[in-house]
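K.L.:
Here is my input; please provide its structure:
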Amino acid sequence: GDQATAGRLEVVAVATLREFRDWGMTPNQVGFFYRDGYGRQRVVLGGGLDDELRRILAHELAHFLSAHATIRQPRWYSEGWAQYLETVSRSERSPKAGLPPQAYPEFLERGLLPARSVLTWRSTELVEAQAYASSWLLVHYLVDRKPRELEAFRQRLAKAQDPAEAWNATFPAWSLLSPGG
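P.N.:
From the prediction side, this is the model:
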């Protein structure tokens, strides 16, 4: 897109979920971010602006901001970061991020996917709830335990390197090319 649209984000909030579904969304979806072929960026939300919709807006805004810093993003990275950032909160002392989304503590105990499945997640071949939770946990782990490597991985993605190649180069011990990696 041109310079005028590169930093702009249009937010469309429709009054009802029925109107939202007219956009062609799936029954469980209540918000999304996209960039069209002209470089215009948009977040579309359905329903009234309650706490859940505010969380979704934070999630979609995280996608918007992340898209500026990282050109190429595998799905696990995109969704994991958006979930990590959607829970940013302020305390009197310091901001906090990475708290588990509300339904995750119980789910994480019984529903994680193998890392290879998460790292190769493309679209609907995985159970969405498991893939989202597992992506959030992978990002959280990398932020806490491998921050330098995560930044090196992000820099590779920012240069539009293939996500699998970027992962393998940044995390050779966990390479997707290695059997059992």
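
K.L.:
can you give me the helices for this structure?
P.N.:
Assigned by DSSP state H, the chain shows helices spanning 3-6, 17-21, 51-69, 75-86, 104-110, 115-119, 128-145, 147-158, 163-170.

K.L.:
And for the residue nearest the centre of the chain, nearest residue in space, chain neighbours not counted?
P.N.:
The centre of the chain sits closest to E79, judged by Cα atoms, centre = their mean, with a distance of 1.9 Å. Excluding its sequence neighbours, the residue lying closest to E79 (Cβ to Cβ, 6 or more residues apart in numbering) is S135, at 4.7 Å. (Each C-beta comes from the backbone N, C-alpha and C, glycine too.)

K.L.:
what pLDDT does the one you found get?
P.N.:
You'll see S135 listed with a pLDDT of 92.

K.L.:
which residues touch it?
P.N.:
By Cβ atoms under 8 Å, 6 or more residues apart in numbering, the contact set of S135 is 75-77, 79-80, 83, 118, 121.

K.L.:
Kindly report the same for W121.
P.N.:
For W121, the contacting residues are 74-76, 131, 135, by Cβ under 8 Å, 6+ apart.

K.L.:
How about P179?
P.N.:
P179 sits next to no residue when contact means Cβ under 8 Å, 6+ apart.

K.L.:
Same question for K159.
P.N.:
By Cβ under 8 Å, 6+ apart, the neighbours of K159 are I71.

K.L.:
Check G111 too.
P.N.:
Counting by Cβ under 8 Å, 6+ apart, G111 touches 129-130, 133.

K.L.:
rerun at 6 Å
P.N.:
G111 makes contact with Q130 under the criterion Cβ atoms under 6 Å, 6 or more residues apart in numbering.

K.L.:
want to throw the helices of the chain into CSV with distance to L177?
P.N.:
As requested, these are exported to CSV (distance: least, Cβ to Cβ, whole Å):
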stretch, distance to L177
helix 3-6, 36
helix 17-21, 42
helix 51-69, 26
helix 75-86, 18
helix 104-110, 28
helix 115-119, 11
helix 128-145, 19
helix 147-158, 16
helix 163-170, 6
